[in-house]
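**Student:** sequence and predicted structure are below.
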Amino acid sequence: MSNQTTVAAATIQVLSFEDKTAAYDQGGRYARSKLETLNVAQDAARTLGTNPSFDRWENYRMEWVAGHAHVNPELTGNAHDAAWSDFAKLLNTLYGLTKPASQSAAASKKREERAAADTKLLEKYEATPVVELRDKLSKTYEQMAKNPENKDLKKAQKELDKVIKLRTSEENKAHGEALKALRSQVREAAAKCTDIEKLEAVLEILDEYTDLAYTIEEE
């Protein structure tokens with residue numbers, strides 16, 4: 001029994017004072033980094049505006065990637081593009097901002113063809129819950145591990161992966177649109193309200209349940 005106590009005590013003391021200090025500092029740096037990311041997303045939403053054009057979005061993306069590459073010159077081009085992709089997802093999640101569609105004839109034709117294929121795929125799986133689709137995809141990957149050259153499994157994996165992304169995208173879009181509508185209603189109601197106590201109460205509630213005020217200032 002005493003041996004177990006000694007081992008347990010020894011296990012707990014696995015960090016030196018310097019290591020503990022480093023761990024504490026790194027936890028704080030990580031928290032500050034996450035907060036800075038949210039602040040950058042908020043600034044980006046202000047820069048892009050509520051309804052950016054395709055050209056404005058693309059110009060912003062190129063400058064953003066250039067800035068990312070300047071600070072991280074050791075990374076590859078794919079890594080910079082992946083970083084932008086993650087950031088764009090954050091903009092969609094927080095502000096409902098998504099890449100606008102190009103208005104060129106070629107892009108419009110390709111978009112129509114892709115939309116038709118996506119609609120057909122969604123109709124095929126419309127009665128299947130996303131959680132079930134994910135389960136099927138997981139089982140397909142397990143089968144592919146045993147039969148990596150099976151073309152039918154590859155086709156099934158690609159199709160399931162695609163429909164899951166489509167369904168998730170639809171949910172995110174609906175969430176973003178709901179956020180926009182509700183924020184607009186809240187701003188309108190706040191502008192009309194003349195009761196200081198009510199406004200203070202609302203502000204207190206919002207501050208209590210959000211880590212950061214995600215707002216887009218409008219001109």
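**Tutor:** Sure, I can see it.

**Student:** show me what stretch 168-178 is in contact with.
**Tutor:** Under the contact criterion Cβ atoms under 8 Å, 6 or more residues apart in numbering, stretch 168-178 has outside partners 92-93, 95-98, 130. The way it works is simple: take the backbone N, C-alpha and C, and place the C-beta from them, glycine included.

**Student:** of these, buried ones?
**Tutor:** 92, 95-98 (16 or more other Cβ atoms under 10 Å).

**Student:** out of those residues, who's nearest residue 70?
**Tutor:** Nearest to residue 70, judged by Cβ to Cβ, of the buried ones among the contacts of stretch 168-178 is residue 97 at 23.5 Å.

**Student:** can you list the domains in the chain?
**Tutor:** Listed by automatic domain parsing, the domain ranges of the chain are 1-95, 102-219.

**Student:** turn the ones you listed into CSV, columns for mean pLDDT.
**Tutor:** Output for these, formatted as CSV (pLDDT from 0 to 100):
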stretch, mean pLDDT
domain 1-95, 84
domain 102-219, 83
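
**Student:** count the neighbours of residue 48 for me.
**Tutor:** Counted by other Cβ atoms under 10 Å, the residues lying close to residue 48 total 19.

**Student:** wait, doesn't it sit right on residue 97?
**Tutor:** Yes: using Cβ atoms under 8 Å, residue 48 is in contact with residue 97, at 6.2 Å.

**Student:** what helix or strand does residue 55 sit in?
**Tutor:** Assigned by DSSP states H and E, residue 55 falls within helix 54-71.

**Student:** now for the protein: which helix has the highest residue count?
**Tutor:** helix 151-192 (DSSP state H).

**Student:** and stretch 86-94, how far out from the chain's middle?
**Tutor:** 4 Å (Cα atoms, centre = their mean, to the nearest Å).

**Student:** repeat that for stretch 20-37.
**Tutor:** Distance, centroid of stretch 20-37 to centroid of chain: 21 Å (Cα atoms, centre = their mean).

**Student:** same thing with stretch 89-99?
**Tutor:** In terms of Cα atoms, centre = their mean, the centre of stretch 89-99 is found 7 Å from the chain centre.

**Student:** could you do stretch 19-37 as well?
**Tutor:** On Cα atoms, centre = their mean, the centre of stretch 19-37 falls 22 Å from the chain's centre.
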